[in-house]
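Participant: A predicted structure for the sequence below; I have some questions about it.
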Amino acid sequence: MATQIELPEPKDYKYALLYQLMRGSCWCEMGIGNPMAKTHTDACLRAQEFTKGCVSVGVQMRTAAIIIARGGSVRLPKKNVRPFCGLPLVAWSILQAKVSHTIDSVYLGTDDEEIADIGREHGAEIIMHPDWGDQSGANRAFIWMIDAIEESGEVFADLVSMLPTGPIRKPADIDRHMELHMKIGARVIGMSRRRETFLYRDLHQICCRNIMMNKTNDLLEHAGFVSASAWGWQRAFQDGLPYDRDIGFDQWFAESPETYPEIDFNYVELDAWQLCDVDTLPEFEMAELQMEHFLLQGRGRSVYDEYAKSKGEHNE
């Protein structure tokens, strides 16, 4: 059990998670009964010792955003550099992280020089990683990024991970993720509510089978592709994934769901029109229409620039 350390209540919410880590309360991130709970608790204990060491020498706890964007897209080639509502797709995630009131540093991880150049142009710090091919899952890139940042000597208490393929985010969405994370001391992701859901599994060509009928409006779908967590939790989560490829992931999870290192999720609810995953050209073009109609409305990036101007007011 984590050592209980009496600390005063934090006045600055930037230190709220640090406070919770010291009190040993971050076990709740994995959910009661999760088989990865022991691994996560061990990681939290290490995080507590690391955090106490940082505090003893006066290191300020900060938040980093990590964005993963590889160059070898197959279903939609060069999608991350493709113009999306006036900017390269990957640039929107960088912009959204840069205007956040709760993020101190923005890192872009990629295996592509063109993507790296776009990242530099929009103010991200670049970390290059190898080209692992289309079958590799994103967690390998996240681990590479976490290792590189730690080896550079930078210290962060919290981490916001982002994927460029879910670009329809309101200016305050990242801060909503972070503020809930800091309040409850747990990982937070974005969810969009499904109204009526009827799912069918493709059997072969013209035949399918009904596998779900739900009209209770209690089903959610991951939207925005943003995750806010403690730095130590993200390490434990990525290291706990026994499967590192997109190909075959479904079969692995169906056969061994208990090995997935997370069962329960904490979430902020996003609007239905924010749900997208731009992996094909039709999805890309539909997401552009959604973002322009519901969010930008002819104002372009100024929607985010205006939010950035309020940063000083938010931190007062």
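Facilitator: Thanks, I have the structure now.

Participant: which residues sit against stretch 119-128?
Facilitator: 67, 69, 90-91, 94-95, 97-98, 105-111, 116, 144-145, 148-149 (C-beta atoms under 8 Å, 6 or more residues apart in numbering). For glycine as for every other residue, the C-beta is placed from the backbone atoms N, C-alpha and C.

Participant: Swap in 7 Å and give it another go.
Facilitator: 67, 90-91, 94-95, 98, 105-111, 116, 145, 148 (C-beta atoms under 7 Å, 6 or more residues apart in numbering).

Participant: same deal with stretch 167-185?
Facilitator: 13, 16-17, 20, 25-26, 28, 63, 84, 89, 92-93, 96-97, 99-103, 158, 160, 187-188, 190, 224, 226, 228-229, 266, 268, 270, 274, 276, 287, 290-291, 295, 303-304, 307.

Participant: just the contacts of stretch 119-128 now: which is nearest P164?
Facilitator: The closest of the contacts of stretch 119-128 to P164 turns out to be V90 (C-beta to C-beta; 4.5 Å).

Participant: now for whichever helix or strand the closest one is part of, which elements pack on it?
Facilitator: Using DSSP states H and E, V90 sits in helix 89-98. Under the contact criterion of 3 or more C-beta pairs under 7 Å, 6 or more residues apart in numbering; DSSP states H and E, helix 89-98 touches strand 63-68, strand 105-110, helix 113-121, strand 158-162.

Participant: got any ranges where the protein has weak pLDDT?
Facilitator: 1-60, 134-137, 236-250, 252-254, 256-263, 312-316 (pLDDT under 70).

Participant: just to revisit the earlier point, may I see the helices and strands packed on helix 89-98 arranged in TSV, with mean neighbour count as well?
Facilitator: Shown next, in TSV, are the helices and strands packed on helix 89-98 (neighbours: other C-beta atoms under 10 Å):
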stretch	mean neighbour count
strand 63-68	25
strand 105-110	24
helix 113-121	18
strand 158-162	26
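
Participant: got those as JSON lines, with distance to N214 columns?
Facilitator: What follows is these, written out as JSON lines (distance: least, C-beta to C-beta, whole Å):
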{"stretch": "strand 63-68", "distance to N214": "32"}
{"stretch": "strand 105-110", "distance to N214": "37"}
{"stretch": "helix 113-121", "distance to N214": "39"}
{"stretch": "strand 158-162", "distance to N214": "29"}
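
Participant: Can you tell me which of these is nearest to K79?
Facilitator: helix 113-121 (10.3 Å).

Participant: Strand 105-110 and that closest one, what's the angle between them?
Facilitator: Put simply, helix 113-121 runs at 170 degrees to strand 105-110, going by axes from the mean of the first three to the mean of the last three C-alpha atoms, to 10 degrees.

Participant: which residues touch the helix holding V90?
Facilitator: 65, 67, 69, 79-82, 84, 103, 106, 108, 115, 118-119, 122-124, 160, 162, 164, 167, 169, 174, 278, 301, 304.

Participant: show me the contacts for the nearest residue to S161 once chain neighbours are set aside.
Facilitator: Closest residue to S161 in three dimensions, ignoring its sequence neighbours and counting by C-beta to C-beta, 6 or more residues apart in numbering: S227, at 4.6 Å. Contact analysis of S227 by C-beta under 7 Å, 6+ apart lists 160-161, 187, 189.
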